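Undergrad: Quick one: sequence plus predicted model below, questions after.
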Amino acid sequence: MIRALAALLLLMAGTAFAAKDPLRACPDFPAPKKAKLQVVAQQMDYNGLPMGILRLESAAPPDEILAFYRKEWAATKAIPGPVEYPMGPWQVIASLRDNCFFTVQLKPFGRNGTEAILGLTTPPGGKSVKEELPMLPGSTLINDIAHNDAGKTARTVALRNGFSPAANADFYRRNLGDLGWTVTNHYRMEKPSLNGDVMVLKNGLRELSITMTRQGRESNVLLNYVDQP
């Protein structure tokens, strides 16, 4: 599931970034007329890559949408044509233009329409500085995603290690406490199909939820930071 989510996010993108964001310098993302566009994430950082996410919905069939992007991204002397490939139920068309990577991931929707995820990403314009994340020795970082929507910032981190959920919970209780976080809720899941711990912590206006679940010999740890200005 985590690999699938990572692959999907790398193929998605968006618009309306802050001026300091390198995506600001990219050309506008083309879209067919009469298509409905919805911003999924205005500003996102995925493992150091700036990106955004748009969802497109159209009454036109997928072949017509593909034809639109083939024409928009037709090869020139300076720029090669788009690349196309299948990905599960989706068809993908992508193009690199002006150091900006555009991707459209689409599939049939409704009777004869199309649903698509529009993607735009580019090399970061500078070093991204993030709050240091405590983790037990031997932990593997799976994903680190930060986004900013309507002035509210959030960060979601997924990691995996060989310690039990209870050991992870004890580690975060102690280490985050030293950083000014206070545990407001902590409960243990003891269902046959799900074993683990859930903690909620506060630090001023900031909130952090941590879900730790057992999977075989390892534990999955999901941390979700949210600022509440």
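TA: Here it is on my side, so go on.
Undergrad: In terms of helices and strands, where is the residue lying farthest from the centre of the chain?
TA: In the chain, counting by Cα atoms, centre = their mean, Lys77 sits farthest out from the average C-alpha position, at 34.2 Å. Following DSSP states H and E, there is no helix or strand that holds Lys77.
Undergrad: Ala166 now?
TA: For Ala166, the element it lies in under DSSP H and E is helix 165-178.
Undergrad: And Thr211, by the same measure?
TA: Thr211 is located in strand 206-215, with elements delineated by DSSP H and E.
Undergrad: The helix or strand just after that strand versus helix 165-178: what angle between them?
TA: Read in the C-terminal direction, the helix or strand following strand 206-215 is strand 218-227, with elements assigned using DSSP H and E. On the basis of axes from the mean of the first three to the mean of the last three Cα atoms, to 10 degrees, strand 218-227 is oriented at 30 degrees to helix 165-178.
Undergrad: any weak-confidence spans in this structure?
TA: Where the chain drops to pLDDT under 70, the residues are 1-23, 41-43, 46-48, 123-131, 148-152, 192-193, 228-229.
Undergrad: Repeat the analysis, applying 80 as the threshold.
TA: Judged by pLDDT under 80, the chain has its weakly predicted residues at 1-25, 40-53, 98-99, 122-132, 145-153, 190-194, 228-229.
Undergrad: Got the domain ranges for it?
TA: For the chain, the domain assignment from automatic domain parsing gives the residue ranges 2-121, 140-227.
Undergrad: related to what we said a few turns ago, quick check: phi and psi at the residue farthest from the centre of the chain.
TA: Lys77 has phi and psi values of phi -60, psi -30 when expressed as degrees, to the nearest 10.
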